[in-house]
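In: give me a model of this one.
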Amino acid sequence: MADAIDNLKAGSGLSEEDIPVLLAALLSGSRRVERVPLSCCAVWIKRYGTERTSRWIVLQRMIANLIGAPFLRPSPAVDDEAMADREVRRNGQFSNNGIPTAPIIYASGSAVVFGDVGFTVAQQLKALARQDPKAHDELLVLCATELGRLHAKGLCHGRPFPRDMFVRESRIGFMDFEEEPDSVMPLATAQARDIWLLFLQLASRARLGKETHDRAFEAWSGTAPADAAAELRKLTGFLGAFLWLARLIGRVHMGSDLRQFIMATSYLKHAS
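Out: Sure, this is the predicted structure:
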């Protein structure tokens, strides 16, 4: 306990009164993600190992190896502390490359404490959807622009969803670095998967339709490496072969996930 207090005092920048509050939350809490209000601000505790490995992850790995589709491979399964270490390491990697990230206040064992970054992009999009469709879609285009920039720096995110992004001084920031796809597939493949995953959200959210799709794709492709664009053509070519089946299933039941798959894959298959 004394060591933990000393570490917090040395590196967190928290006040004397906030340190015991945070330590109590770290020791007594059990939720995967917990918001802790302090006198100076709010911080977020993220705990690893609170969820079981999904059976889908195991199945996903088997299918990827069976059909030779590297973009389907999940990130390596590691223990709780290694997962926390991965998050801290990748957060620093992005930050060192000039990409906004959530500040790390403290890390110990299988828990990491992050500073608050305000509203996520997903929350902002929800507020703008009806009030200002143009601003809503500008934010989507900005997400694609920043994704292209981080790809140009030789990085990939692994799960670039609006809920894992925030805005800081007109830049898109990224958080939640649990994925490390470039450790199980070529970097260009991981980057192609990134833009496809973003379009799963973007294609169905865009209020101005194809106009926004075109602007977002051009923003990404104008900056992203040529290798990533080439891999995207392979990825959408592979997935495009299943569009007929997706549309057939959609005639019976068009769920949101299926709709996103059809819209994103159809658009990127032609655009790339």
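In: now do the strands in the stretch 151-272 of the chain.
Out: For the stretch 151-272 of the chain, applying DSSP state E, counting those that start in this stretch gives strands covering 165-168, 171-174.
In: just the pLDDT for residue 110.
Out: Residue 110 is assigned 88 on the pLDDT scale.
In: to clarify, my last question referred to residue 130.
Out: Residue 130 is assigned a predicted lDDT (pLDDT) of 88.
In: save the strands of the stretch 151-272 of the chain as JSON lines, and put in mean neighbour count, mean pLDDT and distance to residue 243 too.
Out: In this view, the C-beta of every residue, glycine as well, is placed from N, C-alpha and C. Putting these into JSON lines (neighbours: other CB atoms under 10 Å; pLDDT from 0 to 100; distance: least, CB to CB, whole Å) gives the following:
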{"stretch": "strand 165-168", "mean neighbour count": "20", "mean pLDDT": "97", "distance to residue 243": "28"}
{"stretch": "strand 171-174", "mean neighbour count": "21", "mean pLDDT": "97", "distance to residue 243": "29"}
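In: out of those strands, which comes closest to residue 94?
Out: Closest of the strands of the stretch 151-272 of the chain to residue 94 is strand 171-174, at 6.0 Å (criterion: CB to CB).
In: run through who's touching that closest one.
Out: The contact list for strand 171-174 (CB atoms under 8 Å, 6 or more residues apart in numbering) reads 94, 99-102, 117, 121, 142-143, 145-147, 150, 157, 160, 164-167.
In: export the strands of the stretch 151-272 of the chain to JSON lines and tack on distance to residue 49?
Out: Converted to JSON lines, the strands of the stretch 151-272 of the chain look like this (distance: least, CB to CB, whole Å):
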{"stretch": "strand 165-168", "distance to residue 49": "25"}
{"stretch": "strand 171-174", "distance to residue 49": "23"}
